[in-house]
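Asks: Sharing a model that was predicted from the sequence below.
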Amino acid sequence: MTFPPSAATAPQGAVRDASTITLSGLRKRFGGDAVALDGVDLTIRAGEFFTLLGPSGCGKTTLLRILAGLEAPDDGTLTIGGRDVTTTAPHLRSVNTVFQSYALFPHLSVRENIAFGLRMKGVPVDERRRRVDHIAEFIKLGALLDRGVNQLSGGQRQRVALARALVCEPDVLLLDEPLSALDAGLRTQLQVELQRTQKRLGMTFVFVTHDQDEAMVMSDRIAVLDNGVIQQVGAPHEVYERPVNAFVAKFMGHVNLFAIEQLDHTRVVTALGTLTMDKPLEENARAGMLLIRQEVIELGHAVSEGYNGLEGVVKERHYRGSRIEYRLEVNGVTLMATAGNLGQRLYAVGDTVTVSIHPEDVVGLDA
Amino acid sequence: MKRTPFTRGLSVFWWLMIAFLYLPLGVIVLYSFNSANSAAFFAGFSLRWYERLLGNDQLLTALGNTLALGVASSVIALVIGTLIGYGMYRHRGRKLGWLVALIYLPIVMPDIVFGISEMAFFITMDREFGILGPSLATMIIAHVTFQIPFVALIVYSRFVGLDPTLFEAAKDLYASPAQRARHFLLPTLKPSLIAAFFLAFTLSIDDFVISFFTAGPENATLPIYIWGAIRRGVSPEINAIATLMILTVAIAAVISLLFNKEGRRS
C-alpha cells in the first residue's frame, strides 16, 4: 500500500486511543411526560463493538442520537476520547452514523455520496479520490461508484451508507438498525461482514437494534435498555445466560420464569417444584425469580445423576427442523423445553417424561 | 373493454371540454396569420400583423415592461418564497402553523380585491410619505406578494417529500450550516426552484387585474396594452400579440411542470 496510513490500513485489531465513550447521568425528556432516558451511566471501551438493545421506545435510538449530537441531553455529560462533547454540534464531532433509512443524498452519485464527508472537511480532491477508491474496494463497492443511488438495491445502499461513514475514519461509528430493512439471508451475511469490518478497523462501533439474536452474534458487549434505563450491561453470554431481571430474561427470549415461593440456602421452592441451585441465592440479594433456559432441560426416561429431577407430560410439540420444542406440564405448570433434533425418537403428545435440570442452570434473578 | 353508452358519453364530454378550452385559442392563433383585416373570414396566410407589431413602439415598450416585471418579481419571489417554504417545513406541526397558513390568503383572495387594496395602500404611502407612488416598483411588489405562496408551496412540498434523515446525515458528515445550504439544500431543491421560477413568471405575465390597479401611467404591460387597444376594436394585430403570449406562457408552464416532476421524483 502506497498511500498514507489510515484506519483501513492499520494493523488488525489496532485500537485507536481516542475512542472511549463515557456517558454519565444522561437524561432526556420529550414534550411533557415522555421520558426517553432516565439517568444513563455507561462506559463504552475503545475498539469495542457495543450494542444498545431494547424494544421500541426504550431510549436506545435517543441515546444514539445524543452520541451523534442530533439530540441534546437535558442533563448529564458525554465524553468521547476524554473530551467533553455534550454540547458540541454534530458537524464538529468525529462521529459518523449509518442511518436506518441510509439517508443517501439523491442528487449525488455513489462516489459523491461517499466523498461527501471528506469534501465538507476540506480534504483535497486527490486524497478524497484515493480514500473513496480504497474504502470502495474494502467494502466491495468498486463497480457501483459511478451509479446514481436510486439504481441500488437495499443491500448495496446499506454498503454505500457504511462506506460513506467509514471513509471519514471517525473516532466512533454509530449504526441505527442498519440491517432492519433487509431480508433475512442478506441480513445474516451483512451481520458477519459488519463484525469483521469492525475487527479489522479496530474502531469503536455503537450499534442499535431490537433484535436480540443480531445483538448476540455481533457484539462484544450489550446494554439492554427499557424505559430509558439500562437494565444490564455485559457480554452476550452473560446477558443471555445470566439476565439480571425478568425484563432482560424475557427480552432475550426466555419463557421459563417462576416466582420463588420459599428459599432455604441452595433449595428453592416454586410452583414447578423444589429445585437445588449450585450456589446459595443469598449472593444475589434481590432475587425473586428463577429462570430455567429451554435448551438446558434434558428430557428422558430417568433423571441424570446430580441433576434436579421432575416429571412432566408433553402437551404440545413444535417441530422446528433442527430442534424440537415441547410444551410440558409439570406439577400443573407450563415448562417449555427445546431439544436438538438428533434423529432419536421424538416424544409424542401425552408422553410422560423425566425432566433433568443441572443445579448450575437454575438461575436466580430480580422479578 | 366494451364501450357502453356511458363511456362513449364520457369521451364525447371530454372532447367537448377540450374544444371549449382550445378552440377559442385556436381561432386567435389562426386569425393572427390572416392576410385580410377581418375577424370574419380567413383570406390566406400572412405574417403582416407580426411585422406590424415590430413597428409598434407602444407595444414594444409594453412587452419590455412585462418582461422586466416578470423577471424581477419572479426572482424576488423565488428568494422570499424559498425561505418561507423552508421555514414552513422546519416548523411544520408546531404551534405556529396557523401563522404559516396566512400566506395562503393571496391565493384565495379575488384578484380585484387584492389589486384595489394594494392600490389603496400604495396611494396612501405616496400621499403620506412620498414613497411607493405607482411605478414599476409598486407593480413588482404587488406581483411578488401573489407569487410568494406558489413558490413557498412548491419548495415546501419538495422538502416534505424528502427523507428527514437527509438533513441529519448532512450534519453528521461534517457540513456546517453554510455548507448544508450550498451542498445539500440548494442542489436538492434545484429542479423545484426552476419550476417555481417559471410558474411565478407565468403568473406575472398572465396577470391583468393586479397590474392594472398598481401600474403607473408609464408602466403598461402587455395585458394592459391589449385591454386599451381592444376598446378601439379587435384588430388582427391583437391576435398576433395574443398568439405570442400563448406561446411564451405555454413554454414557461411546461418547463415548470417538467422540473417540478423531476424535483419530486428523486
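Replies: Arrived safely.
Asks: Now the element after the helix or strand bottoming out on mean pLDDT in chain B, going C-ward?
Replies: Across the helices and strands of chain B, mean pLDDT, DSSP states H and E gives its lowest value to helix B:97-101, namely a mean of 70. Tracing the chain C-terminally past helix B:97-101 and defining elements by DSSP states H and E, one meets helix B:105-108 next.
Asks: Please identify the buried residues of that next one?
Replies: residue B:106 (16 or more other CB atoms under 10 Å in any protein chain shown). In this view, the C-beta of every residue, glycine as well, is placed from N, C-alpha and C.
Asks: now stretch A:353-360
Replies: Result for stretch A:353-360 [16+ other CB under 10 Å]: buried residues A:353-358.
Asks: and residue A:41, which of the three is it?
Replies: strand (DSSP: H, G, I helix; E, B strand; the rest coil).
Asks: ok, it touching residue A:27?
Replies: No: proximity of residue A:41 to residue A:27 does not meet the contact threshold set by CB atoms under 8 Å, at 11.0 Å.
Asks: Same drill for those two, tell me which one is more crowded.
Replies: The residue with more neighbours, out of residue A:41 and residue A:27, is residue A:27; 15 against 12, by other CB atoms under 10 Å in any protein chain shown.
Asks: That one bridge partners, please.
Replies: Per DSSP bridges, the residues bridged to residue A:27 are residue A:38, residue A:75.
Asks: Following element in sequence after the host helix or strand of residue A:354, please.
Replies: Using DSSP H and E, residue A:354 falls within strand A:352-357. Using DSSP H and E, the helix or strand that follows strand A:352-357 in sequence is strand A:363-366.
Asks: Quick check: which ranges of the stretch 1-150 of chain B have low pLDDT?
Replies: Scanning the stretch 1-150 of chain B for pLDDT under 70 picks out B:1-2, B:96-97, B:99.
Asks: One more pass at 80, please.
Replies: Counting by pLDDT under 80, the stretch 1-150 of chain B has low-confidence residues at B:1-3, B:37-41, B:93-106, B:133-134.
Asks: Could you do the stretch 1-150 of chain A as well?
Replies: Residues of the stretch 1-150 of chain A that meet the cut-off, pLDDT under 80, sit at A:1-19, A:31-34, A:142.
Asks: Which residues of it lie near chain B?
Replies: A:68-70, A:89-92, A:95-97, A:99-101, A:103-108, A:116-117, A:119-121, A:150 (CB under 8 Å from any CB of the partner chain).
Asks: Can you say which of those are buried?
Replies: A:68-70, A:90-91, A:95-97, A:99-101, A:103-108, A:116-117, A:119-120.
Asks: In helices only, show me those residues.
Replies: A:68, A:116-117, A:119-120 (DSSP state H).
Asks: can you tell me which two in these are farthest apart?
Replies: A:68 and A:119 (19.4 Å; CB to CB).
Asks: Quick check: can you list the domain ranges of chain A?
Replies: Here the domain parsing of chain A from automatic domain parsing is A:7-243, A:254-366.
Asks: Would you mind putting the ones you listed into JSON lines with distance to residue B:233 alongside?
Replies: JSON lines is the format used below for these (distance: least, CB to CB, whole Å):
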{"stretch": "domain A:7-243", "distance to residue B:233": "54"}
{"stretch": "domain A:254-366", "distance to residue B:233": "91"}
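Asks: Deepest in the core, which of the ones you listed is it.
Replies: domain A:7-243 (a mean of 19; mean count of other CB atoms under 10 Å in any protein chain shown).
Asks: Show me which residues of the stretch 151-300 of chain A are close to chain B?
Replies: Close to chain B, as judged by CB under 8 Å from any CB, the stretch 151-300 of chain A has residues A:164-165, A:168.
Asks: so which of the residues you listed comes closest to residue A:82?
Replies: residue A:168 (20.1 Å).
Asks: In the stretch 251-367 of chain A, where is pLDDT below threshold?
Replies: A:280-287, A:343-344, A:367.
Asks: Helices of that one, residue ranges please.
Replies: When assigned using DSSP state H, counting those that start in this stretch, the stretch 251-367 of chain A turns out to have no helices.
Asks: Now it against chain B: closest residue?
Replies: residue A:251 (26.4 Å; CB to the nearest CB).
Asks: That residue contacts residue A:212, correct?
Replies: Yes: taking CB under 8 Å as the definition, residue A:251 is a contact partner of residue A:212 at 6.3 Å.
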